[in-house]
Each structure stands twice: as C-alpha cells, then as structure tokens.
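A.B. asks: sequence-free structure coming up:
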C-alpha cells in the first residue's frame, strides 16, 4: 500500500499544436458525462484543458488506488459529484486506500493533486494553475481582491516585477481557497499568505494554526504558475511530482514503475519526467 503521507502532483502540457488530436485521446480516459461536457466547449484550447485535468485524475486513481491483488478500475469508471460549494469529490467506486484530490486547468496546462491513504480524510487539499496574462500592472486587482498586506507587498515591488509576482500570489490564494472547500466564496482578502517563503500568515476563517498549512509553488511552463496547498495538522506529506508532456507522456506515466527518484528543485522536472516517467521527490 502507498505511503499515506505521499501527495502526488501530476501536471500535463500539450505535446504540440494539434490539440484536437490530444482531446480525442484524453476523452477515452474520462467518463461519458465529462466527455459530453468537453464536446460542448467552444474550442480545442478549452476542450484540451478540461479533458486533460479529468484524464489526469482518473488515470492517477486507476494507477495508484489499487488494492493488492485486485485489477485496476478503468479510468472512465471513476465518478465525480459536487459539494454544495462546488468542490468535486469522488462518488464511486470507493478507492483503496481512501483518496483526496484537487484539480486545476488553465490554457495549455492541467494538474491534479492526489493524497491516498487513511490520513487523507484528515487533510484538505487545493491546487491552482494560472497561465501568463497580459503584462499590465496588477496592483488594482490586488488592492481589490487580496489582503491589504499582500497588496502592500506587491506595491513595494518595481512595476516590471509585479505581473509575475501577482500570478504567484494568486495561485497561492486560490489553492488555499480551494483547500478550504469554499473556493472564492471564502473571500481572498479574509486570509493572508506570504510568498517568500510561501506560508500562511493569517488564517482568518481558515482552520489553524498557520503552521498546519503547507504551501508549495511548483515548477510550471514559462510564465505560468502552479501551487499546491494542503492543510495537514500533525502531518508532513512528501510531494511526488510528475510533469508530463502530451498524451504519450501520460500513457507512459500510467504504465511505468512507481519507484520514485529523488531530486532537487533545480532539476528540469518536465524533461526528466518525460524521459523516465518517474516521480520527483521535491520536499
């Protein structure tokens, strides 16, 4: 059985410009309801991001949530439902061991965070990805939506550095908000995070204490931001990271060895994962 303190984070980017071809492959990994939802979306960029996130989740569950001696559940067989505040949860079949997950997708980037084991029921989990936006001063947005001290820290930076810093700040905030189970309804100004080092400074309506929260920015494609947040009182999950490229990279990850490889955060995780399909231990 897997270590109950392992937090698996897989991300996926397209292998090329033919997103429609990748969507067709990803659609085979999701349930009929999600497949129909993807088909209704406006274009290949949005179709790819939604299909990729759900294919990651179902593929991870089929790969990792397997009882000893049992056959894996086919990826399309996993069913989701939503809580009152909109957070998805696993409606069936019951994974072995218990599972906690969070999904995110943005332009040309999808990711899934997954904790397996009895300790998963004691945790809260959120992940957020953001694609690079237009290079304009984000200070008005920060002052409107973020904690006053976060906006003040952003204002203290030189203007050219603010867009990248704001993108990182926003993914920290959204990951925490998603972990709360309430999403943006919690009010992003109601709690305070710091970026260097990444931590929760003021919990506001969130469960405390702040040190029970783990906030980890992860390597992302150039200009993008990706952060996972985990409320794990009394626990210290190890993040096992896989950065995958295209449907072929996902296929390899679903069939390769589970043995992790240790690495420092300085290694090009996307390149290494594509080469050997193995986890990168990054904390």
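C.D. replies: Cool, got the structure. A quick note: this is a predicted structure, and the numbers were derived from the prediction, not measured.
A.B. asks: pop the domain breakdown of this structure in here.
C.D. replies: Split into domains by automatic domain parsing, the chain comes to 1-123+235-283, 126-228.
A.B. asks: endpoints of the shortest one, how far apart?
C.D. replies: End-to-end distance for domain 126-228, by C-alpha to C-alpha, to the nearest Å: 6 Å.
A.B. asks: before we move on, back to that, ranking the domains of the chain by mean pLDDT, which is last?
C.D. replies: Note on the domains of the chain: domain 1-123+235-283 shows the lowest mean pLDDT, a mean of 85.
A.B. asks: how far does stretch 80-88 sit from its chain's centre?
C.D. replies: Centroid separation for stretch 80-88 versus its chain: 16 Å, with C-alpha atoms, centre = their mean, to the nearest Å.
A.B. asks: err, stretch 170-177, not the other one
C.D. replies: Centre-to-centre, stretch 170-177 and its host chain are 11 Å apart (C-alpha atoms, centre = their mean).
A.B. asks: kindly report the same for stretch 94-109.
C.D. replies: With C-alpha atoms, centre = their mean, you get 7 Å for stretch 94-109.
A.B. asks: in that stretch, which residues are buried?
C.D. replies: For stretch 94-109, burial by neighbour count (16 or more other C-beta atoms under 10 Å) applies to 95, 97-106, 108-109. Every residue, glycine included, has its C-beta placed from N, CA and C.
A.B. asks: then stretch 183-192?
C.D. replies: 186, 188-189, 191-192.
A.B. asks: how long is that stretch from one end to the other?
C.D. replies: For stretch 183-192, the end-to-end distance is 15 Å (C-alpha to C-alpha).
A.B. asks: could you do stretch 87-107 as well?
C.D. replies: Per C-alpha to C-alpha, stretch 87-107 runs 21 Å from first to last residue.
A.B. asks: ok, the buried residues of stretch 183-192 vs residue 173, which is closest?
C.D. replies: Taking C-beta to C-beta as the measure, residue 173 sits nearest to residue 188 out of those, at 4.9 Å.
A.B. asks: touching, the closest one and residue 144? I think so.
C.D. replies: No: when contacts are counted by C-beta atoms under 8 Å, residue 188 is not listed as touching residue 144 (9.6 Å).
A.B. asks: circling back: let's see which of the buried residues of stretch 183-192 end up in strands.
C.D. replies: Members of the buried residues of stretch 183-192 lying in strands (criterion: DSSP state E): residue 192.
A.B. asks: any chance of TSV for the buried residues of stretch 183-192, columns distance to residue 41?
C.D. replies: Shown next, in TSV, are these (distance: C-beta to C-beta, whole Å):
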residue	distance to residue 41
186	27
188	27
189	31
191	32
192	35
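A.B. asks: from the buried residues of stretch 183-192, which is closest to residue 14?
C.D. replies: Lowest distance from residue 14 to those (C-beta to C-beta) belongs to residue 188, with 29.6 Å.
A.B. asks: tell me who's in contact with the closest one.
C.D. replies: 145-147, 173-174, 177 (C-beta atoms under 8 Å, 6 or more residues apart in numbering).
A.B. asks: try 10 Å this time
C.D. replies: Contact partners of residue 188, counting by C-beta atoms under 10 Å, 6 or more residues apart in numbering, are 142, 144-147, 150, 169-170, 173-174, 176-177.
A.B. asks: likewise for residue 132?
C.D. replies: 106-107, 163-164, 167, 220-225.
A.B. asks: only the buried subset of the residues you listed, as a PyMOL command please.
C.D. replies: Buried residues within these, by 16+ other C-beta under 10 Å, are selected in PyMOL with:
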select buried, resi 106+163+167+220+221+224+225
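A.B. asks: now the helices: where do they sit in the stretch 1-150 of the chain?
C.D. replies: Ranges of helices within the stretch 1-150 of the chain are 19-27, 32-40, 44-64, 139-145, 148-155, based on DSSP state H, counting those that start in this stretch.
A.B. asks: out of these, deepest packed?
C.D. replies: helix 44-64 (a mean of 24; mean count of other C-beta atoms under 10 Å).
A.B. asks: since that was my last question, I'll sign off now.
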